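Asker: Pasting a predicted model and its sequence here:
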There are 2 protein chains.
Amino acid sequence: MSKKNLAILLRARMRSNNPSTKFSLSHFPKEIQSNSQENHSNEGIGNSSKFGTTGRVYDVVRETMHSAISASKTGVLDITLSDFQEGYFNLSLEDRGKLLLVLAKEYDVNREQVRELVKQYLGLENPASDDDSKEALSSVFYRTERNLRQSLRPTYEVLFERLNTHPGGLRFLSILRADLLSILTKENTPSLRSLDTFLKEKLGMWLSPASLELHQITWDDPASLLEKIVAYEAVHPISNLLDLKRRLGTGRRCFGYFHPSIPGEPLIFIEVALMETVAQTIQEVLWDNPPIPENQATSALFYSISSTQPGLAGINLGKFLIKRVITLVKKDMPHVSTFATLSPIPGFMQWLLSKLSSQSRFAEGERDTQSNSPSSTFSEKVLLPEEEQALMSLSDDSSSGSNGMEVLLNLLSVKNCDWPTSPRILPVLEPILMRLCARYLLQEKKRGKALDSVANFHLQNGAMVERINWMADRSEKGIHQSGGIMVNYVYRLENIEDYAQSYFGSGKIHASPGIHSRL
Amino acid sequence: MSKKNLAILLRARMRSNNPSTKFSLSHFPKEIQSNSQENHSNEGIGNSSKFGTTGRVYDVVRETMHSAISASKTGVLDITLSDFQEGYFNLSLEDRGKLLLVLAKEYDVNREQVRELVKQYLGLENPASDDDSKEALSSVFYRTERNLRQSLRPTYEVLFERLNTHPGGLRFLSILRADLLSILTKENTPSLRSLDTFLKEKLGMWLSPASLELHQITWDDPASLLEKIVAYEAVHPISNLLDLKRRLGTGRRCFGYFHPSIPGEPLIFIEVALMETVAQTIQEVLWDNPPIPENQATSALFYSISSTQPGLAGINLGKFLIKRVITLVKKDMPHVSTFATLSPIPGFMQWLLSKLSSQSRFAEGERDTQSNSPSSTFSEKVLLPEEEQALMSLSDDSSSGSNGMEVLLNLLSVKNCDWPTSPRILPVLEPILMRLCARYLLQEKKRGKALDSVANFHLQNGAMVERINWMADRSEKGIHQSGGIMVNYVYRLENIEDYAQSYFGSGKIHASPGIHSRL
């Protein structure tokens, strides 16, 4: 694809710009189907041109799957594996689900064999840890243990391993898992979950950072690669060819993780802006023109990270990406001393609206009964008294409510609301939303980890929460997700290891005094 | 390194040209130590500059190993892992052995936990295969099974996995395994064997063909890479810079498999000559000058395959290499229709000498006792009557013997023997050695597979034995290994899959009528 065609593609894309076909770290399963259709058009579901009727297609694919699993270990199953891949792409999502259920159940662990080996294993003595004279006995023990370990592997592992070594197989497995995740949202059975857990573990192993290559992506790269960047950029959509060119030009960097068997397509990529100070708003990053000369930069700002494969959800590909990018930038430009992000807070508004909605119901209940109703044990004061007062003073037709929470809820949930442009409302909301956002980032957790997915990502990489920025992303998406607030996470090289460790160990979230003072 | 320095290196290498520091598919464990010393000079054993006395070094490394294994899962153990790697390189081979034994025994499977989980597992019902209504029960079953599978993994897996994701870790693991193989030749205990089996399996997984990149190596590649080719070429040593340049020039190709985390160094590489006909002698390949124009070539001859990492012994890296190279060459040059090798037969003379030696002892025993001694059940006629006669007629002072086998044994085993240049002896030996070589290649097996390692390699890749060539490699090594005979294996695209499958399944060795007629 030439760059001229890329421009045409970009224009076409702008016309049908549908944000729900994007894919980012923050929202996984929903978009999988639309995404995999968009990006793999020749793998579109149900295009059963070759195999005739649907039922027949299904039978053929199922048979091919059986051959691919049960053929002897020759390493030359190429035709069978290619047929299986092609056949699979010809199935409807429903048939794919049926097939995956067969795989999960009929090619599971051979449990008779496991029970047999368990019996043998229990009959053997543990190998003496300081006596190698029982040589022969020990050998039998180790062999039995290995056999038992082997027998506990489900039979479908063979299919995954064979596909992984087959050209295009790794990418196929990632699509298969995307389907599986989509099917699990409808049919969440233990056997399918188990299949998914197993496949996820295998993919995580095959895509270990050791097998990924970090490349800088530049304007000199093929248009077919740049097209992928345009298609997958999930945080701040690329609006035109000039926009793309700027993101790859002076004062900017773009790095991607590539896997040898998925060529020409990064699995994840990160965009970096070189700046004099850590930017507070995304507008500064996207619209500063011209950018400062690179030798004046002291900060590297990670302003966008996008993953491209829905089927790799839950596999932390970014884990080493940031550290490796920091090392690379530092080596290239020793005068850059601050490494920070300007990140979205994808879960903030969703959390806040649900909190306001449940709490204002509790408040109503309390007022009605004037008693210790059971619900009151779950009630909490979301707003401070002065915030309550300020909100009630705003109450008018468009944002009426019997208490501050209701007013806030109405203000924020009205569609196409104009609060971000209202000189009357904005100053009232700023301190309230900023305080609640700090609370959300620093205190709201799920299984001991930050509730917000992007926060969790950076914290487990060893970052700290440095600053939250008001009206930092005024795009429709920014307002909708986080009330326009964005956050700077900062990576301090000397603290990365400690911070990651204490976050993993005890869930401790490191934050600057400035953020703490908002609480 | 500039190419001028490469030339100097080559000259230096020629002076101290010691074949035992080479490494090839055919001889693994012996050379590991010398090889890993030669190629990783800054990782030389026992260079304990940093850690003081040996005992102290060992204790520190052992402690670091413990931290590397037991630290919580943070992904930021970089310092510990680097310390461990560096410390390990500072240990003597003896201390490395001690450390690996500790790893094998003290960080093995947690067997108490296994027994506990086995009990739980046996107490649960298998999940009903057609009834997902027992949802909760099934969930418990799958979870217990997963936990049991997990618990059967030795604790040292953590160390291997962490090292694999650490910069330089994969290469480190390959060196660690080379040490382990070397230690196993002296101290072959079940726990160390078990450690090796496990590590080999892990390395095989991480180095799956999907994670390897095939690159053509050319004269334009960095000298630091070309130097590796010179150092590792195991089949036909590269004698000078001109020789190297020719092997990368017109009518020649060199392809290597690279892994992203072992950059600048192929794990295995293959050299290809484009020819009009399939060469019968290596001299034709190495000395044809000038080579034919590429557009006249109809054959691609694989004349050398070398692996570079002793620690990856037993992992079939070449498995997909040949198929991928064939595809690449075919695409580039559709007029090339024959893909063949000109291969050494590394085990032929060793097999023949040991066969002659044992059989001539049997023959002597039989003559002495004139009875059915127990040994006679193992005796066989190695030579045909006319061969016996021809050999006896050669008998003189330098090659006397009481029977044909003894004469042959004496002829072949005399050091610096001149039989390959003797016009009297050569014509007598030719039919005998050629027949015995055909027998060796087609009939001598070990566990149902070809006894010869190179034969086994090509047969499992789907090749057939096409032709054996007399005096095809007159080098000292060629005479010593295979009496100067070389073999052409041929890959016919339409048969590769079938042949590999029947070789795997029943050990069937496909061979041309020409070879069969020699038997």
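Answerer: Happy to help now that I have it.

Asker: dump the residue contacts of the nearest residue to residue A:425 once chain neighbours are set aside.
Answerer: Excluding the flanking residues, the one nearest residue A:425 by CB to CB, 6 or more residues apart in numbering or on different chains is residue A:419, at 4.6 Å. C-beta: built from backbone N, CA, C; applies to glycine. By CB atoms under 8 Å, 6 or more residues apart in numbering or on different chains, residue A:419 lies in contact with A:411-412, A:425-426, A:429.

Asker: what do you get for residue A:455?
Answerer: Contacts of residue A:455 (CB under 8 Å, 6+ apart): A:343, A:345, A:441, A:465, A:487, A:489, A:509.

Asker: Which members of those residues occur in helices, if any?
Answerer: For the contacts of residue A:455, the ones inside helices are residue A:441, with DSSP state H as the criterion.

Asker: Low-confidence ranges, the stretch 151-300 of chain A, go.
Answerer: Low-confidence segments of the stretch 151-300 of chain A (pLDDT under 70): A:288.

Asker: rewinding a little: ok, so what distance separates the residue nearest to residue A:425 from residue A:484?
Answerer: To residue A:484, residue A:419 is 10 Å away according to CB to CB, to the nearest Å.

Asker: quick one: low-confidence ranges for chain A?
Answerer: Low-confidence segments of chain A (pLDDT under 70): A:1-54, A:72-77, A:128-136, A:288, A:366-378, A:397-399, A:414-416.

Asker: residue ranges of the helices in the stretch 251-400 of chain A, please?
Answerer: Assigned by DSSP state H, counting those that start in this stretch, the stretch 251-400 of chain A shows helices spanning A:282-287, A:321-332, A:348-369, A:385-394.

Asker: wait, which of the ones you listed is closest to chain B?
Answerer: Among the helices of the stretch 251-400 of chain A, the nearest to chain B by CB to the nearest CB is helix A:321-332 (7.9 Å).

Asker: counting contacts, what elements does the closest one pack onto?
Answerer: Packing contacts for helix A:321-332, counted by 3 or more CB pairs under 8 Å, 6 or more residues apart in numbering or on different chains; DSSP states H and E, involve strand A:213-216, strand A:252-258, strand A:268-275, strand A:299-307.

Asker: still on that earlier bit, neighbour count for the contacts of residue A:419 - can I get that in a markdown table?
Answerer: Output for the contacts of residue A:419, formatted as a markdown table (neighbours: other CB atoms under 10 Å in any protein chain shown):
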| residue | neighbour count |
| --- | --- |
| A:411 | 21 |
| A:412 | 19 |
| A:425 | 19 |
| A:426 | 15 |
| A:429 | 22 |
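
Asker: Just the CA atoms of the helix or strand containing residue A:163, as CSV, please.
Answerer: Using DSSP states H and E, residue A:163 falls within helix A:156-164. Extracted in CSV, the C-alpha atoms of helix A:156-164 (Å, rounded to 0.1, in the frame of the first residue of the first chain):
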residue,chain,number,x,y,z
TYR,A,156,-6.0,-29.8,23.1
GLU,A,157,-2.5,-28.6,24.1
VAL,A,158,-1.3,-30.6,21.1
LEU,A,159,-3.4,-28.5,18.7
PHE,A,160,-2.2,-25.2,20.3
GLU,A,161,1.4,-26.3,20.1
ARG,A,162,1.1,-27.5,16.5
LEU,A,163,-0.6,-24.3,15.4
ASN,A,164,2.0,-22.2,17.2
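
Asker: any residue of the next helix or strand after that helix up close to chain B?
Answerer: Per DSSP H and E, helix A:156-164 leads on to helix A:169-184 as the next helix or strand towards the C-terminus. Yes - residues of helix A:169-184 contacting chain B under CB under 8 Å from any CB of the partner chain: A:169-170.

Asker: Relative to the whole chain's centre, how far out is helix A:169-184?
Answerer: From the chain centre to the centre of helix A:169-184 is a distance of 15 Å (CA atoms, centre = their mean, to the nearest Å).

Asker: now for that helix, which elements pack on it?
Answerer: Based on contacts counted as 3+ CB pairs under 8 Å, 6+ apart, the elements that helix A:169-184 packs against are helix A:32-39, helix A:78-89, helix A:93-106, helix A:156-164, helix A:190-206.

Asker: Turn the helices of the stretch 251-400 of chain A into JSON lines, including mean neighbour count.
Answerer: Output for the helices of the stretch 251-400 of chain A, formatted as JSON lines (neighbours: other CB under 10 Å):
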{"stretch": "helix A:282-287", "mean neighbour count": "18"}
{"stretch": "helix A:321-332", "mean neighbour count": "17"}
{"stretch": "helix A:348-369", "mean neighbour count": "16"}
{"stretch": "helix A:385-394", "mean neighbour count": "16"}
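
Asker: And those helices: which comes nearest residue A:202?
Answerer: helix A:321-332 (20.8 Å; CB to CB).

Asker: Return the distance of the closest one from the chain's centre.
Answerer: In terms of CA atoms, centre = their mean, the centre of helix A:321-332 is found 21 Å from the chain centre.

Asker: still on that earlier bit, just the contacts of residue A:455 now: which is nearest residue A:183?
Answerer: Ranked by distance to residue A:183 (CB to CB), the contacts of residue A:455 are led by residue A:345 at 30.4 Å.

Asker: how many neighbours does the spatially closest residue to the closest one that is not a sequence neighbour have?
Answerer: Counting by CB to CB, 6+ apart, residue A:345 lies nearest to residue A:482, which is 4.0 Å off, once chain neighbours are set aside. By other CB atoms under 10 Å in any protein chain shown, the residues close to residue A:482 number 27.

Asker: which residues touch residue A:482?
Answerer: Per CB under 8 Å, 6+ apart, neighbours of residue A:482: A:344-346, A:348-349, A:437, A:473.

Asker: Could you verify my assumption that residue A:139 touches residue B:190?
Answerer: Yes - with contact taken as CB atoms under 8 Å, residue A:139 and residue B:190 are classed as touching, separated by 4.7 Å.

Asker: between those two, who's got more neighbours?
Answerer: Comparing residue A:139 with residue B:190 by other CB under 10 Å, the one with more neighbours is residue B:190, at 20 against 16.

Asker: quick revisit: show me the one of the helices of the stretch 251-400 of chain A that comes nearest residue A:499.
Answerer: Residue A:499 lies closest, by CB to CB, to one member of the helices of the stretch 251-400 of chain A: helix A:321-332, at 12.4 Å.

Asker: Output the closest one as PDB, restricted to C-alpha atoms.
Answerer: This file holds the C-alpha atoms of helix A:321-332, laid out as PDB (Å, rounded to 0.1, in the frame of the first residue of the first chain):
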ATOM      1  CA  LEU A 321       7.800  -2.300  27.200                       C
ATOM      2  CA  ILE A 322       7.900   0.900  29.300                       C
ATOM      3  CA  LYS A 323      11.200  -0.100  31.000                       C
ATOM      4  CA  ARG A 324      12.800  -0.900  27.700                       C
ATOM      5  CA  VAL A 325      11.500   2.300  26.100                       C
ATOM      6  CA  ILE A 326      12.900   4.300  29.000                       C
ATOM      7  CA  THR A 327      16.300   2.700  28.600                       C
ATOM      8  CA  LEU A 328      16.200   3.300  24.900                       C
ATOM      9  CA  VAL A 329      15.200   7.000  25.100                       C
ATOM     10  CA  LYS A 330      17.700   7.600  28.000                       C
ATOM     11  CA  LYS A 331      20.500   6.100  25.900                       C
ATOM     12  CA  ASP A 332      19.600   8.200  22.900                       C
END
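
Asker: And the contacts of it?
Answerer: A:214, A:216, A:253, A:255, A:257, A:268, A:270, A:272, A:300, A:302, A:305, A:336, A:339, A:458, A:461-462, A:491, A:493, A:496, B:76.
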